[in-house]
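Engineer: fold the following.
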Amino acid sequence: MKSSLAILPVIVLLFPALGAAQSPQPKNSSRKATTAAKTAAPPPKPVDPPKKLYTELTITELVAEDPNRWSDKMSTRVALGGFVTQITKEDTGDTDIRICENPKIDGMDRGRCVIAKCIPKLPCDVPQVGRPVNVKGITRYDAGVGAHWWEIHPIEEIEK
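Structural biologist: Model (predicted):
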């Protein structure tokens, strides 16, 4: 019994040594730091949607472009200005606005005019004939029978 009592203090002394032999698991103090950092940081600002960029062209610059060969001057969205020379309402609900370099141009001069279209899903305030106007919208080339001209279709913005 004396020998078992002598072993008992040795065993008691060995338990802390056995615990020290195991690798200690590190405390996750980064969790506290990230939580503190999150509460200290201001909330993120809402991201504004990017503004649409329009390439500014004159009518002459746009109509001079070859629709079959895309160039650096061309863009999907353009802004251009001119004079309203005719307004026509189509059966489809579209409103055609002929815009020319000069208010005295008669007819559709493909070298000096474009057609801008207001569509029912994106209506616009139609300007008066003879007035200067600036339009922003998507460029297209109408190669239909009897057409063959540049269009802004649809108009996304119109300034009178």
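
Engineer: in this protein, which spans are strands?
Structural biologist: Along the chain, the stretches classed as strands by DSSP state E are 55-56, 77-89, 95-100, 113-118, 132-142, 149-159.

Engineer: out of the ones you listed, deepest packed?
Structural biologist: strand 113-118 (a mean of 23; mean count of other Cβ atoms under 10 Å). Heads up, the C-betas are built off the backbone N, CA and C, glycines and all.

Engineer: mind putting the strands of the chain into CSV with distance to E65 and mean pLDDT?
Structural biologist: Output for the strands of the chain, formatted as CSV (distance: least, Cβ to Cβ, whole Å; pLDDT from 0 to 100):
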stretch, distance to E65, mean pLDDT
strand 55-56, 11, 90
strand 77-89, 10, 96
strand 95-100, 16, 97
strand 113-118, 11, 97
strand 132-142, 9, 94
strand 149-159, 8, 95
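
Engineer: which of these sits closest to D66?
Structural biologist: strand 132-142 (9.5 Å; Cβ to Cβ).

Engineer: could I get the closest one in PDB with only the CA atoms?
Structural biologist: Extracted as PDB, the C-alpha positions of strand 132-142 are listed here (Å, rounded to 0.1, in the frame of the first residue of the first chain):
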ATOM      1  CA  PRO A 132     -33.600  72.200 -82.800                       C
ATOM      2  CA  VAL A 133     -33.400  68.900 -80.900                       C
ATOM      3  CA  ASN A 134     -30.800  66.700 -79.200                       C
ATOM      4  CA  VAL A 135     -31.500  63.000 -79.000                       C
ATOM      5  CA  LYS A 136     -29.800  60.100 -77.200                       C
ATOM      6  CA  GLY A 137     -30.400  56.500 -78.100                       C
ATOM      7  CA  ILE A 138     -29.400  53.300 -79.700                       C
ATOM      8  CA  THR A 139     -28.000  53.400 -83.300                       C
ATOM      9  CA  ARG A 140     -29.300  51.200 -86.000                       C
ATOM     10  CA  TYR A 141     -29.000  51.100 -89.800                       C
ATOM     11  CA  ASP A 142     -32.300  50.500 -91.500                       C
END
